[in-house]
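[1] Any chance you can model this:
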Amino acid sequence: MTTRRGFTADFEAKVAPEALRDDKTIQEIAAKHKVHPNQVSTWKRQTVNGRTLPPSQRLEKSSANQLALADEGSPMVAMNFIEGTHAFSEAELQRHEITQYRVPRFYREHIRASGSYEQLKHIVEPSLQEFSSPGTLDTSGEGENTVVHGLQHKYDQTGLLLVTEQCAAFCRYCFRKRLVGKSKEEIAVDYEKVAEYITRHPEMNNVLLSGGDPFMLSTTRLHGIMDHLLPIPHLTSIRFGTKTITFNPRRFADVKLLGLFKRIVKAGKTPVIVAHFDHFAEFSEEAEKRILELREGGVQFLNQAVLLAGVNDDPEILAATIQKCHSGCTTVLPFPGSADDGCLPFSGPFASRG
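    Below is the predicted model:
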């Protein structure tokens, strides 16, 4: 069956999802498929409203889907999943803590050309399995270990500081889905109070900036945080938990950012980047180049991979990833994926509940 304009429903469903992504303009998509740009825009709009999906790509009427249909007044959102394109109400997505697809073009193009796309896509591309994955939103007790707004003190030597809710991409195994890309409620706002607490606790010798990803902040804002941390005498290292070196390594070409690390070194402390390369194919030439440059400037690199079913739950892949780290990262013990809501399909038998 064809539409009035002569396009099959399957053809519409093939073109429309491309318009939902940010890697091509409407004009580029139209030229690729030899259709008018207005037609592409129409299909995009109809997909958002859930009207262009053929039966092969529509969800069956499960109880969860029926509940979504009952969310009167909640806008419908079309998303590209590994299993195909589907439309859900915003309320349904929120109930299951489903984050939108967000991936920088650099990483998207890199993994598609890596030869390991079938594994790496599970890191960032949504899956319908997330809807049927039980769990909690705080498996490691972060709330009970918060001592000052935005600062956690779970381990004697380490302070964990939430500095932003934003990330360069939304990892599907994220254990902070309760806040990443959504809420600033747990993010530190008063760094003077944070510094006062750390000063009163000489057993704390390092602070880990996390979130979110600290390198989503401007370098100016990072300097502002350092204004409070660097004067504390018993801090010997400032750590940054990040996957930006994987997703967008060009961020580290910023001369001002290099100046930030030099400032930390000049203050007598060690800047440490704790990266998250989960698979050897995530290493790009750009990332390796930036790692070597930063190491020459006094930055230490650690890599902490997350054990993920379907991605790196294979001895040969883990061995190759550790070998790849020899180019500039010290491998620390890989840790199991969390049992947070929506994460279990990717965590496999390694799921951590604390």
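[2] Next up, the contacts around S183.
    E165 (Cβ atoms under 8 Å, 6 or more residues apart in numbering). Quick note: C-beta positions are derived from backbone N, CA and C, even for glycine.
[3] Relative to Q94, how far out is it?
    Distance of S183 to Q94, given as Cβ to Cβ, to the nearest Å: 11 Å.
[4] do E288 as well
    E288 is 39 Å from Q94, by Cβ to Cβ.
[5] between the two, who's got more neighbours?
    Between E288 and Q94, E288 has the larger neighbour count (other Cβ atoms under 10 Å), namely 16 against 13.
[6] Which parts of the stretch 251-354 of the chain are helices?
    255-266, 285-296, 315-324, 344-347 (DSSP state H, counting those that start in this stretch).
[7] ok, now the stretch 1-150 of the chain?
    Taking DSSP H, counting those that start in this stretch as the criterion, the stretch 1-150 of the chain carries its helices at 9-20, 26-33, 37-48, 63-69, 90-95, 105-112, 117-124.
[8] And the ones you listed, which one averages the lowest pLDDT?
    Among those, helix 63-69 has the lowest mean pLDDT, at a mean of 46.
[9] Just give the number of residues close to E285.
    Applying other Cβ under 10 Å, I find that E285 has 9 neighbouring residues.
[10] should've said G310
    Using other Cβ under 10 Å, G310 has 15 neighbouring residues.
[11] List the residues that contact the closest residue in space to it that isn't next to it in sequence.
    Leaving out its chain neighbours, the residue that sits closest to G310 by Cβ to Cβ, 6 or more residues apart in numbering is H122, at 5.1 Å. Taking Cβ under 8 Å, 6+ apart, we find H122 in contact with I82, R172, L308, G310, V311, F346.
[12] Quick check: the fifth one touching L120?
    When you say that, I think you mean V311. Yes - using Cβ atoms under 8 Å, V311 makes contact with L120 at a distance of 7.0 Å.
[13] quick one, which of those two is more surrounded?
    Neighbours of V311 and L120, each counted by other Cβ under 10 Å, are more numerous for V311; the result is 25 against 21.
[14] Model confidence score at the more buried one, please.
    pLDDT, V311: 93.
[15] E196 versus that one, what's the distance?
    On the measure of Cβ to Cβ, V311 and E196 end up 41 Å apart.
[16] Give me the neighbour count for the residue lying closest to A188 once chain neighbours are set aside.
    Among residues not flanking A188 along the chain, G150 sits closest, at 2.5 Å (Cβ to Cβ, 6+ apart). If you count neighbours by other Cβ under 10 Å, G150 ends up with 21.
[17] residues in contact with G150?
    G150 touches L161, L162, V163, E186, I187, A188, V189, V194, counting by Cβ under 8 Å, 6+ apart.
[18] thinking again about what came up before, and for V311 and L120, which residues touch both?
    Contacts common to V311 and L120, judged by Cβ under 8 Å, 6+ apart, are H279.
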